[in-house]
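Undergrad: just need the structure, nothing else, for what follows:
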Amino acid sequence: MDGSDRLHRFRTCANSPSYWKLSLAYVKKMMDWGADGVFVDNCGHRVPCFATNFNKVRNPEFDPYVHEHLFPNASHDYAWGRFLDAVRALVKSYGEDKVVVLNSSIGDPWQSVGDCCMWESFIFSWAWEGRRHTWSDVKKRAKANEWYLNAGRRIVALAFLDPNRHDMKSDSFWALASARLVDFILWANLDHTEVEFLNRVHLGGGLGPYKETEQIAHRFFENGLIVLNDSSEERETKLPVADGFAHRQLLDLYDGKATIRVDKGAVVVRVPSKMARIFVADATR
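TA: Coordinates of the predicted model:
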């Protein structure tokens, strides 16, 4: 995560006819097996191909190795974008409901090839301690990708949450809240942790976009409410419920027992500094 090629790995030339032939054949094989789509990793900017530097005789006993390109005068970025176009066309030939997921391509010219792009190491990662991305960072990324989300595409936010390195409860609530507020899909392994129940939370569709006042962001959903406190102090706030919100009482999932009531079209919630809370419709009341 420091910007260097720490693994000393090379990316295959996406301008190579052999690469296209073998890769597309493998995509076809997976789709023939019945896959719902494909996930393509390492989709960012491509460095220039260096193989053409070796298109000359190294040993007089052998002919020179010739590295051919499908697009001789094009950049490697151009060839990579065209290759991803071919992947998408092949996947979609099995049905419009088949999907292409890219990691990440967010902000790249070929982002629209993906039905979904992944933001890997969303806020939390195995490669650093604590929260690297702030709530402001999340909002900026969401704003820059409004065109993508409005087109029906999605961004998957992959957070690496490790019980041995994170406060699973607080950090998981923060990650889920940050993602859902801006219509990202959180991908995190919460199995066998104290917050595994978050895997079963179904808030439904958002009742409008998130709103934010004095560093308190909130959004009502069909089946609940998310509140995120990005300020440096604990805050209590009164929130008018969104139009179409039909519930009278909400359960505080962080507490597990406390409830808040809808009174005169509003709810009052208290959230500690740099914390998030998720409330769901309480079916018992």
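Undergrad: how far off centre is stretch 99-116?
TA: On the basis of Cα atoms, centre = their mean, to the nearest Å, stretch 99-116 sits 11 Å off its chain's mean C-alpha point.
Undergrad: try stretch 267-282
TA: With Cα atoms, centre = their mean as the basis, stretch 267-282 stands 24 Å off its chain's centre.
Undergrad: equivalent analysis for stretch 220-233, please.
TA: Stretch 220-233 has its C-alpha centroid displaced from the chain centroid by 20 Å (Cα atoms, centre = their mean).
Undergrad: list the buried residues for it?
TA: For stretch 220-233, burial by neighbour count (16 or more other Cβ atoms under 10 Å) applies to 220-230. The C-beta positions use only the backbone N, C-alpha and C, and glycine is treated the same way.
Undergrad: now do that stretch: distance from first to last residue.
TA: Counting by Cα to Cα, to the nearest Å, you get 23 Å between the two ends of stretch 220-233.
Undergrad: quick one: contacts for the residue found closest to His218 once you drop the neighbours it is linked to in the chain?
TA: Among residues not flanking His218 along the chain, Val227 sits closest, at 4.6 Å (Cβ to Cβ, 6 or more residues apart in numbering). Each residue near Val227 by Cβ atoms under 8 Å, 6 or more residues apart in numbering is listed here: 177, 216-218, 237, 239, 269, 271, 276-277, 279.
Undergrad: beta partners for Val227?
TA: Beta-bridge pairing of Val227 under DSSP bridges involves His218, Arg277.
Undergrad: let's have the contacts of Val227 in a markdown table, adding distance to Leu84.
TA: Converted to a markdown table, these look like this (distance: Cβ to Cβ, whole Å):
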| residue | distance to Leu84 |
| --- | --- |
| Ala177 | 32 |
| Ile216 | 40 |
| Ala217 | 34 |
| His218 | 37 |
| Thr237 | 45 |
| Leu239 | 43 |
| Val269 | 44 |
| Val271 | 42 |
| Ala276 | 35 |
| Arg277 | 40 |
| Phe279 | 40 |
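Undergrad: pick the one among those closest to Arg11.
TA: Using Cβ to Cβ, Ala177 is the member of the contacts of Val227 that lies nearest Arg11, at 35.5 Å.
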